[in-house]
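Q: A structural model of the following input is requested.
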Amino acid sequence: MLIPLTGSFLVLLLAFCGVSPQVVAQAVPGLSGFNYTYSGQPDFPAASEAFNLRYTYVPRIVAYPVTIEHVSQIVRVAYESNVNVVARSGGHSYVASGLGGKNSSYVIDTQNLNSITYDPTTQTAIIGVGARLGDIIKVLNQNGRALPHGTCAYVGWGGHIVDSVIGVDVVLANGTVARASKDINADLFWALRGAGASFGIITSTTVRTYPAPASATIYSYNWHLTTAAASSALQTYQQFTSSTSSLPSQLGIEVVLTPGERKGYVTFGIAGGWYGPRNQLDQVLQPFLSEMTAPRWNSFDVGTYLNSATNLAGGSLATNEPWTQRDTFYAKSLVIPKTGIRESAGKAWMDYLGSEGVGLSGLGWFLQIGLLGGANSAASAIPKDDNAFAHRDGLFIIQFYTYSNGNRPPFPSQGFGFLDGMVDAIVRNSAANWDYGAYPNYVDDRLANHEHLYYKQHLARLKTLKKQYDPTGVFDFPTGIKV
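A: Numbers count the residues shown, from 1 in each chain. Below you'll find the model as predicted:
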């Protein structure tokens with residue numbers, strides 16, 4: 001799903017959130033002044049548990065710094081010890097990158113770096129990367145302001161830093177503390193916005209804020225369609241989002257696909273947020289709905305912007321209790337170029353879902369086709385080289401997500417091939433020169449050629465900057481930028 005705020009689009013991340021343990025260990029020479037834990041301590045199992053229970057990585061330490069100087073201390077010790085170091089903000093990386101994506105990394109949990117300061121004169125905010133989304137929404141809303149953001153109240157701020165950020169405080173690979181903006185360390189600032197984890201540990205961001213929408217409607221429609229009808233509906237959605245020149249920037253929309261109730265069928269839905277007057281929504285959606293049969297059901301939650309954020313967070317923006325939700329899953333992504341999905345590829349895809357995706361044992365799935373580009377997209381309006389995000393020309397970002405029944409291990413082995421088949425149904429039925437990509441926040445550690453698909457035309461520059469800012473690979477992790 002995409003939520004636009006005053007014309008700004010950012011892709012919503014599936015927002016699952018991490019645990020907040022108490023730690024009281026001291027064991028690494030050179031570290032002092034803050035808490036950390038390590039293997040063998042009673043709090044370590046909870047501190048090192050991944051959101052995705054497919055992963056059981058064991059970091060060397062999980063540290064809880066309170067100041068940027070503490071972060072600098074940890075990174076300097078890691079640098080001198082030839083140990084990789086990663087930051088964990090919300091803790092919900094799909095491949096446990098917040099634990100290093102492998103064993104034996106230093107983990108910097110940023111939960112204590114959680115300050116939120118709003119300046120009404122400049123209408124900017126300084127947000128610590130450990131601040132939780134629910135708290136950010138509430139603080140800014142008290143001032144009539146808002147940001148593009150995800151959904152879960154417990155998600156950390158660290159994954160949101162791209163188009164709204166105007167400055168960052170960051171710790172570099174040798175422990176140096178630096179400031180980066182378009183005027184200071186501009187090349188570093190470019191890389192941090194889109195590939196930040198490979199270049200430093202960001203501790204706070206200065207962001208421009210936007211007027212909170214005066215009203216908001218969270219809406220959804222649902223159909224049960226034959227695969228042929230679903231293929232036609234996909235083309236209708238594509239035509240609606242890519243060719244409707246009057247599509248308002250206040251509309252956020254995605255298609256949601258889930259298993260059909262029997263072979264040959266797919267459950268097809270649209271859902272999103274409308275940040276204009278409720279009485280205008282029907283007219284905005286009419287060009288799409290007029291091409292569809294009557295839905296099985298629809299729903300509308302009309303209210304304030306704060307109400308919409310609470311709805312998307314599952315009913316509460318509170319963050320005062322530890323979040324214990326976990327899942328066992330595998331996810332992939334495609335960034336669809338502005339040329340879209342051709343009809344034969346869409347048909348092959350729906351046929352695959354209607355045959356292979358029904359009646360699975362031990363496995364559930366859903367897909368989201370979120371609008372990124374199209375008419376009046378603020379994401380597309382930003383120059384493609386403004387920052388390291390490489391997909392300004394994309395039309396859709398598709399998330400492919402499959403999970404074990406009950407969300408607990410083990411993950412069924414057939415799930416990998418099933419999800420690969422979903423993606424292959426599109427790619428192999430598209431033109432040989434079809435310029436697709438992948439979305440780095442739906443990270444996939446099985447993805448071949450991942451650096452190119454995530455960073456495309458920006459990869460060469462990112463590698464050059466990696467050599468400059470992290471030549472020894474302190475911030476290396478399996479799906480990051482390599483020297």
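
Q: how much space is there between the closest residue to residue 163 other than its chain neighbours and residue 201?
A: Leaving aside its sequence neighbours, residue 163 sits nearest to residue 382 (Cβ to Cβ, 6 or more residues apart in numbering; 6.1 Å). No exception for glycine: its C-beta is placed from N, CA and C like everyone else's. Going from residue 382 to residue 201 by Cβ to Cβ, to the nearest Å gives 25 Å.

Q: More neighbours: the two, which one.
A: residue 201 (29 against 16; other Cβ atoms under 10 Å).

Q: okay but the more buried one is in contact with residue 170, surely?
A: Yes: counting by Cβ atoms under 8 Å, residue 170 is a contact partner of residue 201 at 6.6 Å.

Q: Okay, buried residues for stretch 249-266 please.
A: 249-257, 259-260, 265-266 (16 or more other Cβ atoms under 10 Å).

Q: is it fair to say residue 188 lies in a helix?
A: Yes: counting by DSSP: H, G, I helix; E, B strand; the rest coil, residue 188 is part of a helix.

Q: what residues are up against the nearest residue to it once chain neighbours are set aside?
A: Nearest residue to residue 188 in three dimensions, chain neighbours excluded: residue 180, at 4.7 Å (Cβ to Cβ, 6+ apart). By Cβ atoms under 8 Å, 6 or more residues apart in numbering, the contact list for residue 180 reads 167, 168, 170, 186, 188, 189, 192.

Q: one more time with 10 Å
A: By Cβ atoms under 10 Å, 6 or more residues apart in numbering, residue 180 lies in contact with 165, 167-170, 172, 186-193, 196, 199-200, 202.

Q: Filter the residues you listed down to just the ones in strands.
A: 165, 167, 168, 169, 170, 202 (DSSP state E).

Q: Serialize those residues to a markdown table and add fields for pLDDT and neighbour count.
A: What follows is those, written out as a markdown table (pLDDT from 0 to 100; neighbours: other Cβ atoms under 10 Å):
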| residue | pLDDT | neighbour count |
| --- | --- | --- |
| 165 | 96 | 21 |
| 167 | 97 | 18 |
| 168 | 97 | 25 |
| 169 | 98 | 21 |
| 170 | 98 | 26 |
| 202 | 97 | 27 |
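
Q: how about residue 45, phi and psi?
A: phi -60, psi -40 (degrees, to the nearest 10).

Q: mind listing which of the buried residues of stretch 249-266 are in strands?
A: Counted as lying in strands by DSSP E, out of those, are 251, 252, 253, 254, 255, 256, 257, 259, 265, 266.

Q: wait, residue 409 sits on residue 53?
A: Yes: look at residue 409 against residue 53 with Cβ atoms under 10 Å: they come within range, at 5.1 Å.

Q: The stretch 251-400 of the chain: helices as residue ranges?
A: 281-289, 305-312, 343-356, 378-381 (DSSP state H, counting those that start in this stretch).

Q: right, and these - which one's nearest residue 112?
A: helix 305-312 (24.1 Å; Cβ to Cβ).

Q: Let me know the average pLDDT across that closest one.
A: Average pLDDT, helix 305-312: 96.

Q: Show me what that helix is packed against.
A: Using 3 or more Cβ pairs under 10 Å, 6 or more residues apart in numbering; DSSP states H and E, the elements in contact with helix 305-312 are strand 2-5, helix 133-141, strand 145-146, strand 216-226, strand 265-274, strand 297-303.

Q: how about the nearest residue to residue 90, chain neighbours excluded?
A: Among residues not flanking residue 90 along the chain, residue 156 sits closest, at 3.3 Å (Cβ to Cβ, 6+ apart).

Q: could you list every residue that touches the one you found?
A: Applying Cβ under 10 Å, 6+ apart to residue 156 gives the contacts 15, 17-18, 87-92, 98, 109-111, 113-114, 128-133, 136, 150.

Q: any idea how far residue 89 is from the residue nearest to residue 188?
A: Relative to residue 89, and taking Cβ to Cβ, residue 180 is found at 18 Å.

Q: So if I had to pick from residue 409 and residue 53, which one is more boxed in?
A: Neighbours per residue (other Cβ under 10 Å) separate residue 409 from residue 53, with residue 53 holding more: 18 against 12.

Q: So that one sits against residue 404, correct?
A: Yes: in this structure residue 53 lies within contact range of residue 404 using Cβ under 10 Å: 8.6 Å.

Q: Could you name every residue contacting both of the two?
A: 327, 328, 329, 410, 411.

Q: Which pLDDT value does the model give the first one?
A: The reference is to residue 327. 97.

Q: Need the nearest residue in space to it, chain neighbours excluded.
A: residue 407 (4.7 Å).

Q: surely that neighbour meets residue 362?
A: No: using Cβ under 10 Å, residue 407 makes no contact with residue 362, being 11.6 Å away.

Q: same question for the one helix or strand residue 71 maps to, mean pLDDT?
A: In the assignment (DSSP states H and E), residue 71 maps to helix 68-81. Confidence for helix 68-81, expressed as mean pLDDT, is 98.

Q: With stretch 253-269 instead?
A: On average, stretch 253-269 scores 98.

Q: what's the answer for stretch 27-42, then?
A: Stretch 27-42 comes out at a mean pLDDT of 94.

Q: Thought residue 330 was touching residue 443, still the case?
A: No: in this structure, residue 443 is not within contact of residue 330 by Cβ under 10 Å, at 11.2 Å.

Q: List the buried residues in stretch 442-460.
A: Neighbour counts using 16+ other Cβ under 10 Å place 442-445, 447, 450-451, 453-456, 458-459 of stretch 442-460 among the buried residues.
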